[in-house]
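Trainee: kindly return the folded structure for what I paste below:
(one chain, ligands or ions: 1)
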Amino acid sequence: MSEQTNPRRVLVLGTGGTIAGRAASSEDNIGYVAGQVGVAELLAGIEAAPGVELEADQIAQVDSKDMEFSIWCALARRCAQALADAAVDGIVITHGTDTLEETAFFLHCVLAASKPVVLTCAMRPATALSPDGPQNVRDAIGVAATAGAHGVSVVCAGVVHSAVDVQKVHTYRLDAFASGDGGPIGFVEEGQVRLARPWPEAGHGVEAILRWPHELDPPRVEIVYSHAGARGALIDALLAEHAEGAPGAVRGLVLAATGNGTLHFEIEQAAARAQAAGVLVRRATRCAQGRILPKPGDAIPDAGALSPVKARIALMLELLGAPVV
Ligand code: SIN
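Mentor: As a prediction, the model looks like this:
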């Protein structure tokens, strides 16, 4: 007689993206509108593995290039609720690929993810002749239903990435993400996870974010690129607003630095003016791999291995009194 086990319950949250995109023709993989198909409809075409029960909830319906802090907070709140619910074993979030790594990192920073929170996506719209979304969702559900899994991860093309390391690295290929030096957490093979390294740490719940009022903007943090021929004018324009005390004026600046955190001298001088004016400044490397190795006497703190977009989130949270640990 076979032993009866309780079904694993996975909550699937929809936020839009190409995975929910529609094109006029099934041959068109790029001329679609993202965020059209509801998450319940996406799931209707997918058979979960035996012993897995699904529940769906639509949190947003956007092209992820237009992702906003208010959606992140709504998503974090719904995840926190599900993490506290003993009836839920894991969470899957369907999301656009373009800012997926930002949402994943934000959730990693603000959730005590003692259960798996798995973001997934697609590079082809739902209407494509051969869409990649259904398999990605199925794989993500497999990860979310895995006993012992925890932390925030990203599943795409059979690879499980950590929220901290993942980056979109390709504009078109289905396997569009990479984990840099750290490598992936593992792989999904026929619904089973093969771990390459341990699950990431679960992190702490950040109450300030979970209670963040919908209408309130977060502290403004801008990213400025250092490049050949760079000028400090952009930073000075931001500082002029800051000096006038304009509402929503910049409070933090991430410099997308060259190599091991170096800056064009014009950017460096403007950054010093920003620091003197009370703006928090950080350096993050433009390189896709590696980390900034700090040197004695560095005038501007570095963001380690964080990419500029993730360093921006970390600085925003620091300004909110919830530094990334
Ligand atoms: C998006 O990020 O929402 C559109 C692009 C994609 O999902 O691949």
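
Trainee: so where does Ile91 fall, helix or strand?
Mentor: If you go by DSSP states H and E, Ile91 is part of strand 90-94.

Trainee: I meant to write Asp139 there.
Mentor: Using DSSP H and E, Asp139 falls within helix 133-144.

Trainee: show residues contacting that helix.
Mentor: 10, 12, 18-20, 42-43, 45-49, 52, 54, 89-92, 94, 116-122, 124, 126, 149, 153, 155-158, 160, 188, 191-193 (CB atoms under 8 Å, 6 or more residues apart in numbering). All C-beta atoms are positioned from the backbone trio N, CA, C, and that covers glycine.

Trainee: tilt between that helix and strand 90-94?
Mentor: Interaxial angle, helix 133-144 versus strand 90-94 (axes from the mean of the first three to the mean of the last three CA atoms, to 10 degrees): 160 degrees.

Trainee: pLDDT below threshold where in this structure?
Mentor: 1-4, 325 (pLDDT under 70).

Trainee: re earlier: report whether the strand holding Ile91 contacts the ligand.
Mentor: No. Strand 90-94 lies out of reach of the ligand by CB under 6 Å from any ligand atom, never closer than 9.6 Å.

Trainee: in terms of secondary structure, what does that strand contact?
Mentor: Secondary-structure packing of strand 90-94 (3 or more CB pairs under 8 Å, 6 or more residues apart in numbering; DSSP states H and E): strand 8-16, helix 69-83, strand 116-120, helix 133-144.

Trainee: interface residues of the stretch 101-250 of the chain facing the ligand?
Mentor: Counting by CB under 6 Å from any ligand atom, the residues of the stretch 101-250 of the chain near the ligand are Cys121, Met123.

Trainee: for Arg124, grab the count of nearby residues.
Mentor: 21 (other CB atoms under 10 Å).

Trainee: tell me the SS of it?
Mentor: Judged by DSSP: H, G, I helix; E, B strand; the rest coil, the three-state class of Arg124 is coil.

Trainee: show me where this structure has its helices.
Mentor: Ranges of helices in the chain, per DSSP state H, are 39-44, 69-83, 100-110, 133-144, 207-210, 233-244, 265-276, 308-319.

Trainee: compile those helices into CSV and extend it with columns for distance to Pro294 and mean neighbour count.
Mentor: Below are these laid out as CSV (distance: least, CB to CB, whole Å; neighbours: other CB atoms under 10 Å):
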stretch, distance to Pro294, mean neighbour count
helix 39-44, 43, 17
helix 69-83, 29, 20
helix 100-110, 21, 25
helix 133-144, 35, 24
helix 207-210, 28, 15
helix 233-244, 22, 15
helix 265-276, 16, 17
helix 308-319, 14, 22
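
Trainee: of all the ones you listed, which one comes closest to Pro184?
Mentor: Nearest to Pro184 among the helices of the chain is helix 133-144; the distance by CB to CB comes to 11.7 Å.

Trainee: in CSV, list the C-alpha atoms belonging to that closest one.
Mentor: Output of helix 133-144 as CSV, limited to C-alpha atoms (Å, rounded to 0.1, in the frame of the first residue of the first chain):
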residue,chain,number,x,y,z
GLY,A,133,7.1,30.2,-20.2
PRO,A,134,5.1,27.0,-19.5
GLN,A,135,8.3,24.9,-18.9
ASN,A,136,9.9,27.7,-16.8
VAL,A,137,6.7,27.9,-14.6
ARG,A,138,6.6,24.1,-14.3
ASP,A,139,10.3,24.1,-13.2
ALA,A,140,9.7,27.0,-10.8
ILE,A,141,6.8,25.1,-9.2
GLY,A,142,9.1,22.1,-8.9
VAL,A,143,11.6,24.2,-7.0
ALA,A,144,8.9,25.8,-4.8
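
Trainee: contacts only, for Ile209.
Mentor: Residues near Ile209 by CB under 8 Å, 6+ apart: Cys73, Ala76, Val110, Leu317, Leu320, Ala322.

Trainee: next one: Ser64
Mentor: With contacts taken as CB under 8 Å, 6+ apart, Ser64 has the following neighbours: Thr15, Gly16, Gly17, Ala34, His95, Gly96, Thr97, Asp98, Thr99, Leu100, Thr103.

Trainee: quick one: which of those is nearest to the ligand?
Mentor: Gly96 (1.9 Å; CB to the nearest ligand atom).

Trainee: name the nearest residue to Leu315, sequence neighbours excluded.
Mentor: Closest residue to Leu315 apart from its sequence neighbours, by CB to CB, 6 or more residues apart in numbering: Gly252 at 4.3 Å.

Trainee: beta partners of the one you found?
Mentor: Val221, Leu280 (DSSP bridges).

Trainee: neighbours around it, how many?
Mentor: 21.

Trainee: just give the nearest non-adjacent residue to Asn136, would you?
Mentor: Using CB to CB, 6+ apart, the closest residue to Asn136 is Thr120 (4.6 Å).
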